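# The following block contains a protein sequence and its predicted model.
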Amino acid sequence: MVLTRLLAFRNFAGLPFPVSATPNQCAVAAERALAWMARAGYPSPVPLAACPPRVVRLLREREILPWRAMPFPGKKGFKHLATAPDGSAWAMVNEVEHLTLGQLHSGCPHPGSADFPDPGPDPDGSGWARSPRYGFLASDPGRIGPGIAIEQVIHLPGLAMARELPAARNYCVAAGLAFAPAAPLTGSMPGPPDVGLFRIASRGRLGRTPAEAYAEHLEALAPLLRREEEMRRECQRRHPERLAARVQGALERLTSASTLSYPELLSQASFARLGAALGLARPEIGRILESLRATAASGHLAVSCDRDLPQEEEDFSRANVVRLTLGKPCNEAI
């Protein structure tokens, strides 16, 4: 498991959803949501329309903003974002719902310790949009009920090498889970399946509390994870020399490349992550490469330079970041 993203959605009673609201109605909802955020102690929110494109890319690379943003013509100015200093929690205004709260967890928290963002009661008195029968209401029907979403980014190189990804996707659909490549590439689109990173998501779950919905999500996901572990071990058993060579080659490329495109970083990192999980590389490699998945992406590099980079310069800068991050003493094995 790479990371877990937990979201909570709320809409104010008596106000239309942003997707169908007029600009004036969006302004009213935004004002109430911003007042709620101030009382809840969120740091100063910023309008997303004021953020340069490279900052928006960075926020997507940090898993704070969604990769496929919902365009609201004439309403973009009412979208706001406030984030915790470490980026582990955030609050969004008028991004599909009136209020979206998010928390990011490394790996997979235990069902008993999963910390869902909790909006609590609406302090203005009118309450959140809620049905006695269906629970919290949202513009996306998949979010009604407990008003949450669970998303997990998972590394599945074993299933990819065994060519079982179509079967994995079919299983997820049957189990009520969304299954899609998770690695972002230029243009805010997911990357190819050969990088091995996938986003598994579940929504709503009527009649369940957030904790119950999360526990059911993990239960549905367990067979997929067991199969992934089996395929990793099978690959190591049948092709130990070839696998070790691929892992070593990936690490050597990452630590010596003078230029490195983002797709190549993801592809090489997939084998290096696998090697770390199977004891063929330093165990901390997986954690380092997960950090690089964000910090060596386009938006992060552009923000660090305070300007958008031409592709050639971006690839050169990325290679430098990767080499320095994976740097080691010359007498230390990779």
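Yep, that arrived.
# from here on, contacts and neighbour counts on C-alpha atoms
Noted.
# Could you pull up phi and psi at the residue nearest to the spatial centre of the chain?
In the chain, the residue lying closest to the centroid (CA atoms, centre = their mean) is Glu63, at 4.0 Å. Here is the backbone geometry of Glu63 (degrees, to the nearest 10): phi 70, psi 20.
# can you tell me how far Leu3 sits from Met161?
For Leu3, the distance to Met161 equals 22 Å [CA to CA, to the nearest Å].
# of those two, who's got more company?
Leu3 (18 against 14; other CA atoms under 10 Å).
# Test my guess that that one contacts Ile150.
No: in this structure Leu3 lies outside contact range of Ile150 using CA atoms under 8 Å: 10.9 Å.
# pLDDT score assigned to Asp194?
Confidence at Asp194, expressed as pLDDT, is 58.
# cool, the one 10 residues further on as well?
Reading off the confidence values, Gly204 has pLDDT 73.
# Could you measure from it over to Asn11?
Distance check for Gly204 against Asn11: by CA to CA, it reads 15 Å.
# So which of those two has more stuff around it?
Set Gly204 next to Asn11 and count neighbours by other CA under 10 Å: Asn11 wins out with 27 against 23.
# buried sites along the longest strand seen in the chain?
Secondary structure of the chain per DSSP state E: the longest strand is strand 97-106. The neighbour-count check on strand 97-106 (16 or more other CA atoms under 10 Å) flags 97-105 as buried.
# The residues you listed into TSV, with extra columns for distance to Val28 and pLDDT?
What follows is the buried residues of strand 97-106, written out as TSV (distance: CA to CA, whole Å; pLDDT from 0 to 100):
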residue	distance to Val28	pLDDT
Glu97	13	92
His98	10	94
Leu99	13	94
Thr100	16	94
Leu101	19	95
Gly102	22	94
Gln103	26	93
Leu104	29	92
His105	32	91
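# low pLDDT regions in the stretch 151-300 of the chain?
By pLDDT under 70, the low-scoring segments of the stretch 151-300 of the chain are 183-194.
# show me where it has helices.
157-161, 165-174, 210-238, 240-256, 262-277, 285-295, 298-305 (DSSP state H, counting those that start in this stretch).
# closest one to Val28 among those?
Among the helices of the stretch 151-300 of the chain, helix 210-238 comes nearest to Val28, with 28.4 Å by CA to CA.
# which strands and helices sit next to the closest one?
If you count contacts as 3 or more CA pairs under 8 Å, 6 or more residues apart in numbering; DSSP states H and E, helix 210-238 packs onto strand 148-155, helix 157-161.
# now those in JSON lines, with distance to Val195?
As requested, those are exported to JSON lines (distance: least, CA to CA, whole Å):
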{"stretch": "strand 148-155", "distance to Val195": "8"}
{"stretch": "helix 157-161", "distance to Val195": "8"}
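# closest to Leu221 out of the ones you listed?
Closest to Leu221 of those is strand 148-155 (CA to CA; 10.1 Å).
# quick check: domain ranges of this protein?
3-229, 239-325 (automatic domain parsing).
# could you measure Ala178 against Glu216, distance?
Taken as CA to CA, the span from Ala178 to Glu216 is 14 Å.
# re the thing from before, tell me which of the helices of the stretch 151-300 of the chain approaches His110 most closely.
Per CA to CA, nearest to His110 of these: helix 210-238, 8.7 Å.
# Pull out the buried residues from the closest one.
Neighbour counts over helix 210-238 (16+ other CA under 10 Å) mark 210-211, 213-218, 220-221, 224-225, 228-229, 231-232, 236 as buried.
# Ok, stretch 6-17 next?
In stretch 6-17, counting by 16+ other CA under 10 Å, buried: 6-12, 16-17.
# Let me have the residues you listed in CSV, adding distance to Gly286, pLDDT and secondary structure as columns.
Formatted as CSV, the buried residues of stretch 6-17 follow (distance: CA to CA, whole Å; pLDDT from 0 to 100; DSSP: H, G, I helix; E, B strand; the rest coil):
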residue, distance to Gly286, pLDDT, secondary structure
Leu6, 22, 93, strand
Leu7, 25, 93, strand
Ala8, 29, 93, strand
Phe9, 32, 94, strand
Arg10, 35, 93, strand
Asn11, 38, 94, coil
Phe12, 42, 93, strand
Pro16, 44, 93, coil
Phe17, 41, 92, coil
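# now for the residues you listed, which pair is the farthest apart?
It's Leu6 and Pro16 that sit farthest apart of those, by CA to CA, at 24.4 Å.
# ok so, going back, would you mind putting the helices of the stretch 151-300 of the chain into a markdown table with distance to Thr325 alongside?
A markdown table is the format used below for the helices of the stretch 151-300 of the chain (distance: least, CA to CA, whole Å):
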| stretch | distance to Thr325 |
| --- | --- |
| helix 157-161 | 23 |
| helix 165-174 | 31 |
| helix 210-238 | 27 |
| helix 240-256 | 9 |
| helix 262-277 | 13 |
| helix 285-295 | 8 |
| helix 298-305 | 14 |
